[in-house]
Structures are given as C-alpha cells and as structure tokens.
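Student: Sequence unavailable; structure follows:
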C-alpha cells in the first residue's frame with residue numbers, strides 16, 4: 001500500500017501541475033491584478049497550450065475544463081456563480097473551450113510527433129552503430145556476437161538468437177529471456193512474428209531471399225516494428241556475408257591447393273618419364289634379340305606392356321595438370337576429320353589388331369577449326385577407352401557428319417554399355433564405371449581430358465548408351481569458316 005501510493009501520485013503529478021497552473025492564474029487575476037475577462041481568457045488559453053506542450057493532451061484537456069469553470073465562476077458576471085447573465089458571454093465561453101481543446105490537441109500532436117521523431121532518430125543511430133559493430137566482429141561464433149551486439153547497442157534485458165545452420169540458441173543480456181526454445185524454432189520455420197505483451201518480448205524470424213535461417217528474440221525495450229525488422233535483416237545479411245566470405249576463402253584455398261597439386265603432379269610425371277624412356281628402349285632392344293629364351297621373351301613383353309601403360313598414365317597426368325593449371329593454349333587451323341581419325345588409328349594399330357574398325361566419313365565433309373595435337377588427344381582417348389572397356393575382337397565404328405556450324409564425330413562400340421545413372425558422371429575426374437573399375441586398371445582421367453579439350457574448342461561431348469547394347473561417344477567441334485580455309 002505504501003509503495004502503491006507514491007506511484008499513483010507520480011502518475012497524476014502532471015495533471016496536478018496543469019491544474020495548479022490554472023489555479024495560480026485565477027488567484028493572481030482575482031486577488032492581485034484586476035483585468036477584464038478577455039485578458040483572463042487569453043491567459044488561460046496560454047496556460048492550456050503550455051500544459052499540452054509540457055505534458056500532453058490529457059493534462060491540457062483537464063486544464064481546459066478547469067479554466068472554463070474558473071473563468072465562469074470568478075470573472076464572468078454574475079461573479080462567484082456558475083451562471084452567465086450576458087448571452088454574448090456564452091459565445092465567448094464556447095469559443096474559448098473550442099479554441100483550448102483544438103490548440104491543446106494540436107500541441108499534443110506536435111509533441112507526440114517530436115517524441116516519435118526523436119525515438120526514430122535514436123533507433124536509426126543505434127541501427128547504424130549495430131551495423132558498424134557487426135562489420136567489425138571479432139573471434140568466436142558469429143551468432144553469439146550478433147546477440148551480444150544487439151543486447152549492448154539497444155540496452156536490452158535479454159536476447160536469444162537461433163541459428164538454424166548449427167541449430168543452436170545463443171543468449172545475451174543480463175537476464176534470461178522468458179521465451180521457450182520451441183517458440184524460437186516455430187518462428188524460424190513458420191516465418192511468423194510472435195509477441196508476448198506480458199513479458200514485453202517479441203520473436204522475429206530471420207530470412208534471406210525467402211529462406212529462413214534463424215530467429216531473434218528480444219525483451220526489455222520499446223522498439224518499433226520497423227526497427228525489429230531492420231534488426232532481423234542486419235542479422236541475416238551479417239550471417240550471409242560471413243558464410244559467403246567463408247565459401248570464398250575455402251574456394252581460394254582449394255584453388256591454391258589445386259594449383260600446388262597440379263604443379264607437383266606435372267613435376268613428378270616428367271621425372272617418372274625420364275627413366276621410363278631408356279627402360280622402354282632397353283626392353284624393345286632385348287625383345288628383338290632372337291637368342292633370348294621364350295620365358296624371358298614373355299617376361300620382357302610383360303615389362304614392355306606395363307611400360308606402355310605407365311607411359312599412358314604419366315601422359316594423362318601431364319595433360320591433366322596442364323588443363324588444371326590453365327595452360328591449355330590452342331593453335332587452331334583447318335583440318336580434315338578423316339586425316340585426324342586415320343592418324344590415331346595408325347597410332348593404335350597394334351591395340352586394334354583383330355578388330356573390325358569401320359570409318360564412315362564423307363570425303364566432302366567440311367574441315368574443322370581445331371588444334372591438331374589436342375584433337376588427336378581427344379580421338380586417342382576415346383579410341384583407347386573403347387579398346388580397354390570392350391571385348392577384344394568387338395567392332396568399332398567411327399562416323400562424322402556436318403550439323404549446323406559444327407561437325408559431330410561419333411565412336412560406337414559393342415561393349416557392355418553404361419548404366420543411365422552413371423552417364424552424367426562418366427566425364428568427371430577419377431570416375432570409373434562401378435562394374436569394371438576392379439577388373440580394368442586406369443586413372444579415370446582420360447574422358448575428363450577429352451571433355452576439357454573439346455570445351456576449350458567451344459564444343460561439347462556426350463555419351464549415349466544402354467546396358468548390353470554398346471555405347472556411342474560423340475563430340476561436336478566448330479567447322480572452319482570460309483575465310484579460314486586454305487586457298
């Protein structure tokens with residue numbers, strides 16, 4: 001009871017002050033200075049305006065009512081009665097009441113707008129401070145730093161920040177927020193704002209691009225809805241910026257790691273090729289010696305085959321490292337597809353022995369604008385791939401046709417085919433078919449090399465296959481323009 005009484009007095013203190021001001025004016029004019037009723041009315045009106053400006057509309061209205069009674073009772077004849085003898089005074093009294101009420105209302109509205117403007121300015125200043133602080137966040141979990149900064153800048157009793165990425169709730173402020181964890185999760189998932197007027201708390205969902213990424217709960221301050229939305233947007237932008245920077249950092253680290261790996265791979269491949277050349281030469285020389293026993297001849301053939309396989313692997317590694325290092329420099333000129341194909345068939349003549357190879361390429365097929373060396377690598381990779389992954393005496397068919405501004409080259413085999421689920425991945429680095437990867441050795445980069453070379457020419461490469469019905473690997477490269485053709 002003792003504590004309730006002072007609070008009640010404080011609550012009504014502005015109203016008592018406004019009434020005391022009217023009482024002081026009444027006493028001054030009635031007891032000390034004799035003036036006419038117009039002067040008194042104007043002074044009362046001034047007092048009402050002061051009350052509206054200083055305290056508010058309620059206090060101004062109370063002052064207006066009391067001023068009307070004092071003006072009537074003490075200054076309008078008959079004095080000390082609440083009646084008015086002159087009818088003109090009724091009009092004057094009514095005008096005073098209307099003027100006082102309108103003036104007090106306008107003054108109170110102006111004060112309210114000034115207070116609202118000041119509050120918005122403070123909110124804007126705090127939002128600016130918060131955005132600056134978030135840009136300079138230090139070490140530690142970013143959601144925890146956001147919660148700490150929001151609580152500190154806006155002087156909140158409690159802050160709770162739910163980060164959906166880690167599914168953790170971070171708390172800040174001197175008190176525990178009177179909100180349940182499931183309320184924070186619901187607000188984040190459903191994207192709805194939750195208000196608890198009794199606890200003076202609110203939960204705002206945080207989303208970016210329509211994607212919910214968390215929620216923010218605050219308690220202990222009167223913040224406008226717009227400021228709360230701005231808080232949520234700042235938190236979302238800060239999180240997204242940090243994650244984007246993290247992705248960029250990881251990508252840069254991966255790029256540098258890839259460059260280092262490519263450099264090391266290229267260096268090692270060249271180093272391994274150096275002793276491989278004399279080994280190959282020595283084995284070839286020993287195989288040509290007719291005095292070598294059959295057993296030794298068989299062992300030498302195994303060494304010769306494995307040396308060839310190792311040479312292919314090292315060549316693939318060197319080519320892949322060049323591609324990844326961005327050192328694929330094309331020297332393009334018009335070439336005949338027929339001659340390019342025949343050159344690679346001649347190169348693979350020993351491996352193709354016993355196979356029926358059909359070449360269906362028209363003599364009048366347009367020339368292609370390609371790099372002869374790299375296009376030879378593409379054809380060699382496709383042919384070598386077909387030789388390794390199809391039965392030894394199965395046929396191969398090479399076709400080429402003009403299609404718009406490109407020439408399409410296709411290689412069809414009679415192998416086991418490729419599963420539809422594997423076809424999108426067959427050109428990826430180090431990927432090898434699940435059914436044959438354990439039976440046939442290889443690195444899984446040959447088709448990747450072919451794809452990157454074709455892409456560098458502005459073309460595309462693809463495969464069409466059904467299990468048990470073979471595969472057709474095709475690539476399209478630009479045909480030579482008329483001005484590029486030799487005269």
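Tutor: Good, I have the coordinates. Please read all numbers here as calculations on a predicted model, not as lab measurements.

Student: Report the rounded mean pLDDT for stretch 80-91.
Tutor: Mean pLDDT, computed over stretch 80-91, is 68.

Student: Then stretch 53-63?
Tutor: 77.

Student: Over to stretch 370-379?
Tutor: 88.

Student: List the buried residues for that stretch?
Tutor: 370, 371, 374, 375, 376, 377, 378, 379 (16 or more other C-beta atoms under 10 Å). Glycine gets a C-beta too; all of them are placed from N, C-alpha and C.

Student: Adding secondary structure and distance to residue 244, write those residues out as CSV.
Tutor: Below are the buried residues of stretch 370-379 laid out as CSV (DSSP: H, G, I helix; E, B strand; the rest coil; distance: C-beta to C-beta, whole Å):
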residue, secondary structure, distance to residue 244
370, strand, 39
371, coil, 38
374, helix, 36
375, helix, 40
376, helix, 43
377, helix, 38
378, helix, 37
379, helix, 42
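
Student: Of all pairs in those residues, which one is the farthest apart?
Tutor: 371 and 379 (12.3 Å; C-beta to C-beta).

Student: Between the two, which contacts overlap?
Tutor: With contacts defined as C-beta atoms under 8 Å, 6 or more residues apart in numbering, no residue is adjacent to both residue 371 and residue 379.

Student: Would you quantify the distance from residue 78 to residue 298?
Tutor: 143 Å (C-beta to C-beta, to the nearest Å).

Student: Next: residue 21.
Tutor: Counting by C-beta to C-beta - residue 21 and residue 298 are separated by 122 Å.

Student: Which one's more surrounded, these two?
Tutor: Neighbour count, other C-beta atoms under 10 Å: between residue 21 and residue 298, residue 21 has more, with 21 against 11.

Student: Now that the more buried one has come up, it's in contact with residue 48, right?
Tutor: No. Counting by C-beta atoms under 8 Å, residue 21 stays clear of residue 48, with 9.1 Å between them.

Student: give me the beta-bridge partners of residue 475?
Tutor: residue 409, residue 461 (DSSP bridges).

Student: Next, count neighbours for it.
Tutor: With other C-beta under 10 Å as criterion, residue 475 counts 25.

Student: Report the contact partners of it.
Tutor: 378, 382, 408, 409, 450, 454, 459, 460, 461, 462.

Student: In which helix or strand does the nearest residue to residue 363 once chain neighbours are set aside reside?
Tutor: Using C-beta to C-beta, 6 or more residues apart in numbering and skipping the chain neighbours, the partner closest in space to residue 363 is residue 338 (7.4 Å). Residue 338 belongs to helix 337-347 when assigned by DSSP states H and E.

Student: what distance separates that helix from the centre of its chain?
Tutor: Distance, stretch centre to chain centre, for helix 337-347: 49 Å (C-alpha atoms, centre = their mean, to the nearest Å).

Student: so after that helix, what's the next helix or strand?
Tutor: That would be, after helix 337-347 and using DSSP H and E, strand 357-360.

Student: Would you indicate which residues of that next one are buried?
Tutor: Result for strand 357-360 [16+ other C-beta under 10 Å]: buried residues residue 357.

Student: now for that strand, which elements pack on it?
Tutor: helix 337-347, strand 396-403 (3 or more C-beta pairs under 8 Å, 6 or more residues apart in numbering; DSSP states H and E).

Student: closest one to residue 424 among those?
Tutor: Once the helices and strands packed on strand 357-360 are compared by C-beta to C-beta, strand 396-403 is nearest, at 22.4 Å.

Student: Isn't residue 61 up against residue 103?
Tutor: No. Assessed by C-beta under 8 Å, residue 61 is found out of contact with residue 103, at 11.1 Å.

Student: neighbour-wise, which of these two wins?
Tutor: Counted by other C-beta under 10 Å, residue 61 and residue 103 do not tie: residue 61 has more neighbours, with 20 against 17.

Student: just the helices in the stretch 201-350 of the chain please.
Tutor: In the stretch 201-350 of the chain, the helices defined using DSSP state H, counting those that start in this stretch lie at 225-287, 294-324, 337-347.

Student: if we can go back for a sec, isn't the residue nearest to residue 363 up against residue 364?
Tutor: No. With contacts counted by C-beta under 8 Å, residue 338 stays clear of residue 364, the gap being 10.4 Å.

Student: what about those two, which has more around it?
Tutor: residue 338 (16 against 5).

Student: Name all residues that make contact with that one.
Tutor: Residue 338 neighbours (C-beta under 8 Å, 6+ apart): 359, 361, 363, 365, 400.

Student: hmm, back to that, just the closest of the contacts of residue 475 to residue 293, please.
Tutor: residue 382 (39.1 Å).

Student: Near the residue nearest to residue 464 when sequence neighbours are not counted, how many residues? Count them for me, please.
Tutor: Nearest residue to residue 464 in three dimensions, chain neighbours excluded: residue 472, at 4.7 Å (C-beta to C-beta, 6+ apart). Residues within reach of residue 472, counting by other C-beta under 10 Å, total 15.

Student: from what I can see, residue 472 looks like it's in a helix, true?
Tutor: No. Counting by DSSP: H, G, I helix; E, B strand; the rest coil, residue 472 falls outside a helix, being strand.
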